[in-house]
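[1] Next one to model:
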Amino acid sequence: MFQDNPLLAQLKQQIKESIPKKEGSIKATEKGFGFLEVDSKTSYFIPPAYMKKVMHGDKVVALIRTEKEKEVAEPDELIEQSVDRFIGRVKMIRDKLNVVPDSPQLKDAIRAKTKKGLSHDALSEGDWVVANLIHHPLKGDNNFFCEISEKITDSNDKIAPWWVTLAKHNLPNQEPAPQPSWQMLDESLVREDLTHLPFITIDSESTEDMDDALHTVANKDGTFELTIAIADPTAYVAQGTSLDKEARERGFTIYLPGRNIPMLPRELSDDLCSLREEEVRPALCCRVTILADGSIAEDAHFYSATIKSQGRLAYDNVSELLETGSCSKWQPTETIAEQVNALHSLAKARMTWRETNAVTFPDRPDYRFELSKDNDVVAIHVDPRRIANRMVEEAMITANICAGRALREHFGFGVFNTHAGFSPEKMADAVELINNNGGNVSAEQLETIEGFSALRRWLNEQETTYLDNRIRKYQSYSEIGNTPAPHFAMGLDVYATWTSPIRKYGDMVNHRLLKAIIRGEDAAQTPDEMIGEELALHRRHHRMAERDVADWLYVQLLKGSVAEKTTFTAEIFDINRAGMRVRLLENGAMAFIPASLIVDNKKRIECNGDIGTISVDGVKAFQLGDTIEVVLSDVKEPTRSIVGKPTREFAVIAEKTEEMVENSK
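    This next block holds a predicted model:
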């Protein structure tokens, strides 16, 4: 046999070694062909036959050869497999079990078997499952093959968007198991009785896990005394217990459209620790003076207490009262009105100080899904960031600054939120970009909190957000660590959160450290180095899960908008060589506008992601931050994606540009 001839095999190997090779990532397309992406500017075409060997995202070494006068790539060696564990739907083909991955780039059904203990008969067409890829063609296998390890839910389950998304990101789908009883721990703390003080909570009307209450005194000299009382779950959850370990594994309460999954059992988060109106609750408190100019005095005092909220207030009601002078749904007592007004004055002083000395960000609305009992989308509500939201936000920022200072000065460690400003390797490019667009900065200035904050304030004053959008690509990511460091993005020298301990495990850690300070202890256990990475990873997965469920629900809501030709106002937030991504301002949905729906002749359009612009016939037509009118051209339920196109007003840019070019001749 020829294949057994060692000379022939040696010759084939020599021929193969003479063929040029390139390393890159696989990019699949809907039409079956793909590309080997070598870098941001270099790619090679992969014919459909060769794409059968790989999956989207695989890192490979490919042979580069010429076929039919066209340079193509043939994947030859697998460097890194992109898919291991994945979510998919059961599909029976000729009575054989297959799984179709739930991914826009992975459309082909993959032959499958069930894991030991999972019955084949338990699966039906369309059921959602978790599978693991166990065979890959570039590993010497004939075809792709997977093993189903878990059934997520039935094909027609109305709660599938939530269950599937949580399974995709390997997140829990229910709260921790309840305990038979709860007893407060003996922490050797003296709790000050503050039940006589008129603390208030301000939250959304539906909030059950209320973790902060506020008491404000407006002094005659223009200063304020602010007391922040925070729910105290560490009074019930001891460090190192199974519940504490589970809270760490979860990291945060998971907030998804329409439902949340608590980090702690609901008996704690929604009852025993929740700062309910007229209920006596343990709390960890901070009392601090805010000076008349809005700066924070160095007199922050942390202590344990028991409190009793005297007013459960809602953001919208408080905002309406302050913005219009009255609220049709609610009228505060004289005592509560005094608290609201004092907190309002304090917040205005703090906002003025931060706008002058630190960093504030433009208010963006929150988008809230309203669901029916059957989990269908009824509507999406736009909740603007109103004055009451800002009042609570300023109080929480103040509290976290105080905690950061205390932990830094007493122990030199804790759980800190940090941001390093510009990435060092991108600093020179950032300086050049800023100075080419009207700025006047140096790297030395931007390496300081003061210089970075001044830049952020200058960017807030610009007429458009174009430069701001571009600058953000040069910035570092926010991090969580156990040593104090500045938070450039907020313009602060230290920041440690402790105000949401029933929702964030890092805040529980800081609670225990603050209690050690209260007890007068000089030493405490340093949070281990892994906690920051763990929390950052949890936060990333939670945000991705929130986005994925939202995409699913947006498709439900907007699928009728294509036929109705509804016009939406949209903001451009990303540009790449294939087109632009926009956010619909009416509801928060994200849509992709491909270059082909802007101008059908690809030679006339250039999408430049590096500078954030789209040009037609050499003339800039769109840029990052632009607000445009769009209609939806396609809403794809299987991939939960939305495709849009500019309205006629913007689509004619190309024709007008062409006419201008002709006239200039």
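
[2] Not counting stretch 323-332 itself, show me its contacts.
    Residues outside stretch 323-332 that contact it (CB atoms under 8 Å, 6 or more residues apart in numbering) are 311, 313-314, 317-318, 320-321, 340, 386-387. Using the backbone N, CA and C atoms, a C-beta is placed for each residue, glycine as well.

[3] I misspoke; the intended subject was stretch 471-482.
    Contacts of stretch 471-482 (CB under 8 Å, 6+ apart): 413-423, 426-427, 429-430, 433-434, 455, 459, 487-489, 506, 526-529, 531-533, 535-536, 539.

[4] Tell me how far it lies from the chain's centre.
    Centroid separation for stretch 471-482 versus its chain: 13 Å, with CA atoms, centre = their mean, to the nearest Å.

[5] hang on, the earlier thing: and the buried ones among the contacts of stretch 471-482, selectable in ChimeraX?
    If you want just the buried ones from those in ChimeraX, going by 16 or more other CB atoms under 10 Å, the selection is:
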select :413,414,415,416,417,418,419,420,421,422,427,430,433,434,455,459,487,488,489,506,527,531,532,535,536,539
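
[6] Sort out which of the contacts of stretch 471-482 are in strands and list them.
    416-418 (DSSP state E).

[7] Just send those residues back as JSON lines, with distance to Ser633 and pLDDT too.
    Shown next, in JSON lines, are the ones in strands among the contacts of stretch 471-482 (distance: CB to CB, whole Å; pLDDT from 0 to 100):
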{"residue": "Phe416", "distance to Ser633": "46", "pLDDT": "97"}
{"residue": "Asn417", "distance to Ser633": "41", "pLDDT": "97"}
{"residue": "Thr418", "distance to Ser633": "43", "pLDDT": "97"}
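
[8] follow-up on the earlier one: among the contacts of stretch 323-332, which lie within strands?
    Mapping these onto strands (DSSP E) picks out 311, 313-314.

[9] from these, which is closest to Thr42?
    Using CB to CB, Ala314 is the member of those that sits closest to Thr42, with 55.5 Å.

[10] The closest one: what's it in contact with?
    For Ala314, the contacting residues are 202-205, 330, by CB under 8 Å, 6+ apart.

[11] now Gly34, which residues is it bridged with?
    Ala28, Ile46 (DSSP bridges).

[12] what ranges do the strands span in the stretch 151-300 of the chain?
    According to DSSP state E, counting those that start in this stretch, the stretch 151-300 of the chain carries its strands in the segments 192-193, 199-203, 212-218, 224-231, 254-256, 259-261, 280-290.

[13] want to try TSV for the ones you listed, with distance to Gly618 and mean pLDDT as columns?
    As requested, these are arranged in TSV below (distance: least, CB to CB, whole Å; pLDDT from 0 to 100):
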stretch	distance to Gly618	mean pLDDT
strand 192-193	71	98
strand 199-203	53	97
strand 212-218	55	98
strand 224-231	57	98
strand 254-256	45	95
strand 259-261	50	92
strand 280-290	55	98
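
[14] Out of those, the one nearest Ser242 is which?
    Nearest to Ser242, of these and by CB to CB, is strand 259-261 at 18.2 Å.

[15] contact partners of stretch 82-91?
    Stretch 82-91 has contacts (CB under 8 Å, 6+ apart) with 26, 55-59, 97-103, 106, 109-110, 123-133, 146, 148, 152, 155, 164, 167-168, 170.

[16] What residues of that stretch count as buried?
    Of all the residues in stretch 82-91, those buried under the rule 16+ other CB under 10 Å are 82-83, 86-91.

[17] Return the residues in contact with the spatially most central residue of the chain.
    Nearest residue to the geometric centre of the chain (CA atoms, centre = their mean): Arg543, 3.5 Å. Arg543 makes no contacts at all, as judged by CB under 8 Å, 6+ apart.

[18] Now Ala160: closest residue in space that isn't a chain neighbour?
    Thr153 (5.5 Å; CB to CB, 6 or more residues apart in numbering).

[19] ok, the one you found - how many residues close by?
    Around Thr153 there are 17 other residues, counting by other CB atoms under 10 Å.

[20] Quick check: the gap between it and Ala167.
    Noted for Thr153: a distance of 9 Å to Ala167, by CB to CB, to the nearest Å.

[21] circling back: can you tell which of the strands of the stretch 151-300 of the chain is closest to Asp493?
    Closest among the strands of the stretch 151-300 of the chain, using CB to CB: strand 280-290, at 16.3 Å.

[22] which other helices and strands contact the closest one?
    Here strand 280-290 touches strand 224-231, strand 301-314, helix 334-357, helix 387-410, helix 505-518, going by 3 or more CB pairs under 8 Å, 6 or more residues apart in numbering; DSSP states H and E.

[23] buried stuff in the fourth one?
    In other words, helix 387-410. If you call a residue buried by 16+ other CB under 10 Å, then helix 387-410 has these buried ones: 387-392, 394-408, 410.

[24] how about the helices in the stretch 351-500 of the chain?
    With helices called from DSSP state H, counting those that start in this stretch, the stretch 351-500 of the chain shows them at 387-410, 427-436, 443-446, 449-460, 466-471.

[25] Let's have these in JSON lines, adding distance to Leu284.
    Formatted as JSON lines, those follow (distance: least, CB to CB, whole Å):
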{"stretch": "helix 387-410", "distance to Leu284": "10"}
{"stretch": "helix 427-436", "distance to Leu284": "40"}
{"stretch": "helix 443-446", "distance to Leu284": "37"}
{"stretch": "helix 449-460", "distance to Leu284": "28"}
{"stretch": "helix 466-471", "distance to Leu284": "37"}
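
[26] Now mean pLDDT too, for the ones you listed, in TSV please.
    Shown next, in TSV, are the helices of the stretch 351-500 of the chain (pLDDT from 0 to 100):
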stretch	mean pLDDT
helix 387-410	97
helix 427-436	96
helix 443-446	97
helix 449-460	96
helix 466-471	94
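
[27] ok, now which ones touch Leu214?
    199-202, 226-229, 339, 343, 392, 395.

[28] In three-state terms, how would Ser82 be classified?
    Following DSSP: H, G, I helix; E, B strand; the rest coil, the label given to Ser82 is coil.

[29] Nearest residue to it in space, please, no chain neighbours.
    Once flanking residues are discounted, Ser82 sits nearest to Gly57: 3.0 Å by CB to CB, 6+ apart.

[30] Pretty sure the residue nearest to Ala160 sits against Thr165.
    No. Counting by CB atoms under 8 Å, Thr165 is not a contact partner of Thr153; they are 11.3 Å apart.

[31] From Lys515, how far out is Gln310?
    Applying CB to CB to Gln310 and Lys515 gives a distance of 26 Å.

[32] Over to Phe361?
    32 Å.

[33] Test of understanding: give the bridge partners of Cys419.
    No, residue 419 isn't Cys; it's His. His487.

[34] Could I get the contacting residues of it?
    475-479, 486-490 are the contacts of His419 under CB under 8 Å, 6+ apart.

[35] what do Thr153 and Ala167 both touch?
    Shared contacts of Thr153 and Ala167 (CB under 8 Å, 6+ apart): Trp128.

[36] hang on, the earlier thing: for ChimeraX, what selects the buried ones among the contacts of Ala314?
    Here is the ChimeraX selection string for the buried members of those, based on 16+ other CB under 10 Å:
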select :202,203
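
[37] so which of the contacts of Ala314 comes closest to Gly644?
    Nearest to Gly644 among the contacts of Ala314, with distances taken as CB to CB, is Ser204, at 30.7 Å.
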